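# give the three-dimensional model of this entry:
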Amino acid sequence: MNKTHTTVSKQSLEKAAEWLIRSQEAPLSTEEQAQLEQWQADSADNRHAWSRAQKLMGHMNILPKEMAAVVLNRPEDENRRFAIGKLVLLLAAGPTVWGSFKTIEAQQWTADYRTAKGEVQEVTLPDGSLVTLNTATAFDMAFDHSARLLTLREGEIQLQINQIDSAQFGPLRIQTQEALLSPQGSQLTVRQCEKMTQLTAINGDIHAAPRLIETTNDAIIQSGYQAQLSSYALLSTQLIKPETNAWIDRMLAADKVPLKAFAQEVSRYRQGYLRVSPDIENVMISGSFPTSNTDTILKMLTQTYPIKVNTHLGGYWVTLESA
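Below you'll find the model as predicted:
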């Protein structure tokens with residue numbers, strides 16, 4: 001059985017990541033090389049982990065240079081922990097997802113505008129409109145006399161549209177993976193989810209045309225409503241929930257959300273890996289939490305719910321467990 005595609009212990013993956021970074025900082029000495037060989041001989045898990053690390057190195061030349069710099073440069077202190085943590089996640093994932101990881105990283109780094117995890121940024125467009133980028137967001141912009149097009153690659157934006165009467169700019173459109181949106185008002189948010197677009201019409205209606213169907217009748221999301229769309233259809237509409245756009249105020253709001261789903265939202269703002277033990281996945285979370293500090297969010301959970309936080313790699317790898 002080929003264990004490359006099966007589970008390898010986290011301890012072995014962590015050590016393999018450490019050896020990989022050490023070998024990239026400088027050639028291993030004779031003594032270090034002997035230690036590495038002895039470590040591999042200690043267990044099959046260690047051998048599989050190191051084999052996976054070597055295969056990952058074979059893919060490094062196709063990863064975006066920014067990722068390669070983070071992993072292969074001489075990281076120290078917190079940067080070292082983050083680099084090791086990221087390597088552990090890659091090693092755990094295995095070769096089948098390295099290609100998709102490369103694509104995701106490249107998407108962010110080649111976008112016209114982007115934010116890192118935990119970062120929020122405001123951008124003023126040439127027409128005076130204001131775009132607020134939420135965490136881990138990337139979009140492209142194409143403006144000319146015939147149209148103004150924003151292409152949301154990933155993440156979430158709020159758009160405050162400057163109402164203009166000028167031949168210099170054409171109508172404003174927002175393109176996602178699933179739909180082409182035509183806002184009729186002055187304020188909206190758009191989030192690129194997995195295989196789905198989520199949007200809120202804060203002020204003014206939004207016309208939405210799913211990208212994989214031909215129709216002359218756009219879906220219309222009325223002002224004050226939020227909606228979800230696939231590439232084929234309008235999936236749902238409902239009145240805007242207060243928690244949907246809490247991120248604009250740098251908050252994460254929850255109203256009886258299962259802990260597993262809540263942790264996925266926290267992960268959007270946090271470097272590293274956040275896991276929830278299966279026995280507490282369905283604990284219902286409510287409240288408002290600051291997205292500017294995810295450690296504070298975790299502490300708040302332990303103070304309110306029967307939850308404890310187990311940390312590894314200096315906080316890069318976190319597991320939420322039953323207290």
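# paired strands for the longest strand that the chain contains, with orientation please.
Counting residues, the longest strand in the chain under DSSP state E turns out to be strand 148-160. Counting by DSSP bridges, the strands paired with strand 148-160 are strand 130-133 (antiparallel), strand 138-143 (antiparallel), strand 172-175 (parallel), strand 187-193 (antiparallel).
# quick one: which of these is nearest residue 275?
strand 187-193 (20.8 Å; C-beta to C-beta). C-beta coordinates here come from the backbone N, C-alpha and C atoms, glycine included.
# what stretches of the chain score poorly on pLDDT?
For the chain, applying pLDDT under 70 flags the ranges 1-6, 24-26, 57-87, 89-90, 93-110, 165-167, 215-216, 313-314.
# domains in it, as residue ranges please.
As given by automatic domain parsing, the domain ranges for the chain are 3-109, 113-239, 250-322.
# make TSV out of those and add mean neighbour count.
Shown next, in TSV, are those (neighbours: other C-beta atoms under 10 Å):
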stretch	mean neighbour count
domain 3-109	16
domain 113-239	17
domain 250-322	17
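# for the strands paired with strand 148-160, give me CSV that also has distance to residue 55.
What follows is these, written out as CSV (distance: least, C-beta to C-beta, whole Å):
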stretch, distance to residue 55
strand 130-133, 35
strand 138-143, 28
strand 172-175, 37
strand 187-193, 31
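# between these, which gets nearest to residue 250?
Going by C-beta to C-beta, the one of these nearest residue 250 is strand 130-133, 10.5 Å.
# please identify the helix or strand for residue 197.
Using DSSP states H and E, the element containing residue 197 is strand 196-203.
# got the angle for that strand vs strand 187-193?
170 degrees (axes from the mean of the first three to the mean of the last three C-alpha atoms, to 10 degrees).
# elements contacting strand 196-203?
Here strand 196-203 touches strand 179-183, strand 187-193, strand 206-210, strand 225-229, going by 3 or more C-beta pairs under 8 Å, 6 or more residues apart in numbering; DSSP states H and E.
# for those, give me JSON lines that also has distance to residue 143.
Converted to JSON lines, the helices and strands packed on strand 196-203 look like this (distance: least, C-beta to C-beta, whole Å):
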{"stretch": "strand 179-183", "distance to residue 143": "15"}
{"stretch": "strand 187-193", "distance to residue 143": "18"}
{"stretch": "strand 206-210", "distance to residue 143": "20"}
{"stretch": "strand 225-229", "distance to residue 143": "24"}
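# which of these sits closest to residue 280?
Of all these, strand 187-193 sits nearest to residue 280, with 24.4 Å by C-beta to C-beta.
# any chance you could list what contacts the closest one?
134, 152-161, 174, 176-177, 181, 197-204, 206, 228, 244-245, 248 (C-beta atoms under 8 Å, 6 or more residues apart in numbering).
# ok, residue 274 - contacts?
Going by C-beta under 8 Å, 6+ apart, residue 274 touches 263, 266, 267, 318, 320.
# what's the helix or strand for the second one?
Same thing as residue 266. helix 259-267.
# now that helix, how far from the centre of its chain.
12 Å (C-alpha atoms, centre = their mean, to the nearest Å).
# same question, stretch 131-139
That offset, for stretch 131-139, works out to 11 Å (C-alpha atoms, centre = their mean).
# of all the helices and strands packed on strand 196-203, which one is nearest residue 308?
Among the helices and strands packed on strand 196-203, the nearest to residue 308 by C-beta to C-beta is strand 187-193 (30.1 Å).
# what about that closest one, distance to the chain center?
15 Å.
# repeat for stretch 171-183
Taking C-alpha atoms, centre = their mean, one finds the center of stretch 171-183 at 21 Å from the center of the full chain.
# so what touches stretch 265-272?
Stretch 265-272 has contacts (C-beta under 8 Å, 6+ apart) with 82, 85, 89, 117-118, 134-136, 252, 254, 257, 273-274, 289, 291, 294, 297-298, 313, 315-318.
# name all residues that make contact with residue 320.
Residues in contact with residue 320 (C-beta under 8 Å, 6+ apart) are 259, 263, 274-277, 280, 298, 301, 307-310.
# please name the bridge partners of it.
Counting by DSSP bridges, residue 320 forms beta bridges with residue 276, residue 309.
# that's all I had, so thanks and see you.
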